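Q: below is the sequence, then the predicted model.
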Amino acid sequence: MNGSSPTKMLGDLTIVQSGGTPTKSCKEYWGGTIPWYSSGELNHSKTSVSKELITELGLNESNAKVYPEGSLLIGMYDTAALKMSILDRDAAFNQAIAAVMPKDDLDLDFVLYAINSNKKKILSQRRGVRQKNLNLTKIKQIAIPFLPLAEQKRIVAIIDEAFAAIDAAVANTENNLANARELFESYLNAVFTQKGDGWVETSLGKEIDLLTGFAFKSKKYTEAQDGIKLLRGDNIVQEAFRWEKVKRWPKSEVETYSKFTLEENDIVLAMDRTWVKAGLKYAVISEADLPCLLVQRVARIRANEDLDNTFLKHLIGSSEFTRYVLSIQTGLGVPHISGTQIKNFNFSKPHIADQKDIASKADELLKKTQRLEAIYQQKLKALAELKQSILQKAFAGELTTLPEKEIEEANA
């Protein structure tokens, strides 16, 4: 294959249809024996057991369709656009998915790789205001190299072998990344569970100054760049801030709300969705984050005189505090905690000198952990880029053998 290989549109080579969703309120349509997929389940090259099943009645009385095992499912909407999986069983799917079944000799693994090699360009064709979507017409218009089946399979075999080696390197790197973080967390866990001589039982309420934020009215937000940042729960991630979509308050009115002015080294904790899958939503204010005002449903935590602030930071970040949060948060739609609950957290406090020593060792270990994490994250990025490079070379006719050297270098 070379760069001038003829192409055909996917719609000319395959049957392409979208699915449908039986009415959710009709119990007779659900809980049957027919696997039914949503686009959020297209996370691997092959599907696995579907989260939901529909009945024959649900299939017959809706737009849902059953496609055979081996068909290719392609997500069309929003963040699931161009997520793809090949069916490992006969199944139905929702309207946000385009299903592809070949008319002639066509290897759908080849199609999947061909689409991924040109993913950025295809995604640029999404349309929409609130969310960017593809549609059936756009899917059918995707250009696929038109090659003999034997050549398709040869290309797929090379890519499969290369990707298997890369995936092994990714798994090893992700394991190293997890181990690096676990080493730090194990140290904190040992500190806060094993305790030491002279440690006293206390609660956060006795050791901190806690303030929850103010309900700043959105109608007074300003677009002025000299406006003061408003720290909301959405701005807090795991030990960091995301200021991309920050709201701002008029600089001229800051004095009125001076009580809610944050300072360097303040610890802040989201009180809504305090814990998410990525971890606890807390961080420490740095000089670069200022000036900043505290918004409601965010707790500002400062250590009192007998509690070292860095020790407190690591205490909040410990698995002990996370387990406590998970045990006391309430609310189904938006799990949340209160200021009183934060204050009620019990812990053992060492002498101030020991606190500083523990905090210093924890900071040193954290820096080493973060350096390792940066290395491993860069490695993961390089491996992902290598995959894309291999795909582009494969469909430009430049990949004739397994790129062993490139894989070895990326995995070094």
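A: Arrived safely, thanks for sending.

Q: for the rest of this, base every contact and every neighbour count on C-alpha atoms.
A: Fine.

Q: what separation do you get for residue 249 and residue 231?
A: Distance, residue 249 to residue 231, using C-alpha to C-alpha, to the nearest Å: 10 Å.

Q: between the two, which has more neighbouring residues?
A: A direct count of neighbours by other C-alpha atoms under 10 Å for residue 249 and residue 231 places residue 231 higher, at 26 against 23.

Q: can you tell me who that one pairs with across the strands?
A: residue 294 (DSSP bridges).

Q: now the strands for the stretch 101-250 of the chain?
A: 143-145, 200-203, 208-212, 228-231, 236-237, 240-241, 247-249 (DSSP state E, counting those that start in this stretch).

Q: most tightly packed of the ones you listed?
A: strand 228-231 (a mean of 24; mean count of other C-alpha atoms under 10 Å).

Q: what does it rub up against?
A: For strand 228-231, the external contacting residues (C-alpha atoms under 8 Å, 6 or more residues apart in numbering) are 246-251, 254, 290-295, 298.

Q: which one of these is nearest residue 406?
A: Ranked by distance to residue 406 (C-alpha to C-alpha), those are led by residue 246 at 41.2 Å.

Q: and the contacts of strand 228-231, which is the shakiest by pLDDT?
A: The member of the contacts of strand 228-231 with the lowest pLDDT is residue 254, at 90.

Q: list the contacts of it.
A: With contact taken as C-alpha under 8 Å, 6+ apart, residue 254 is in contact with residue 228.

Q: what does the one 10 residues further on give?
A: With contacts taken as C-alpha under 8 Å, 6+ apart, residue 264 has the following neighbours: 284, 285, 286, 287, 290.

Q: pLDDT score for the residue nearest to the third one when sequence neighbours are not counted?
A: Read it as residue 286. Of all residues not flanking residue 286 in the chain, residue 264 sits nearest, at 5.0 Å (C-alpha to C-alpha, 6 or more residues apart in numbering). We have a pLDDT of 97 for residue 264.

Q: residue 264 belongs to a helix, doesn't it?
A: No - under DSSP: H, G, I helix; E, B strand; the rest coil, residue 264 falls outside any helix and is assigned coil.

Q: ramachandran angles for it?
A: When read as degrees, to the nearest 10, the backbone of residue 264 gives phi -60, psi 140.

Q: please apply the same query to residue 238.
A: Taking degrees, to the nearest 10 as the convention, residue 238 sits at phi -80, psi 100.

Q: contacting residues around the nearest residue to it once chain neighbours are set aside?
A: Leaving aside its sequence neighbours, residue 238 sits nearest to residue 281 (C-alpha to C-alpha, 6+ apart; 4.9 Å). Neighbouring residues of residue 281 by C-alpha under 8 Å, 6+ apart: 236, 237, 238, 239, 269, 270, 273, 274, 275.

Q: so the third one makes contact with residue 277?
A: No - with the criterion set as C-alpha atoms under 8 Å, residue 238 and residue 277 do not qualify as a contacting pair; they are 10.3 Å apart.
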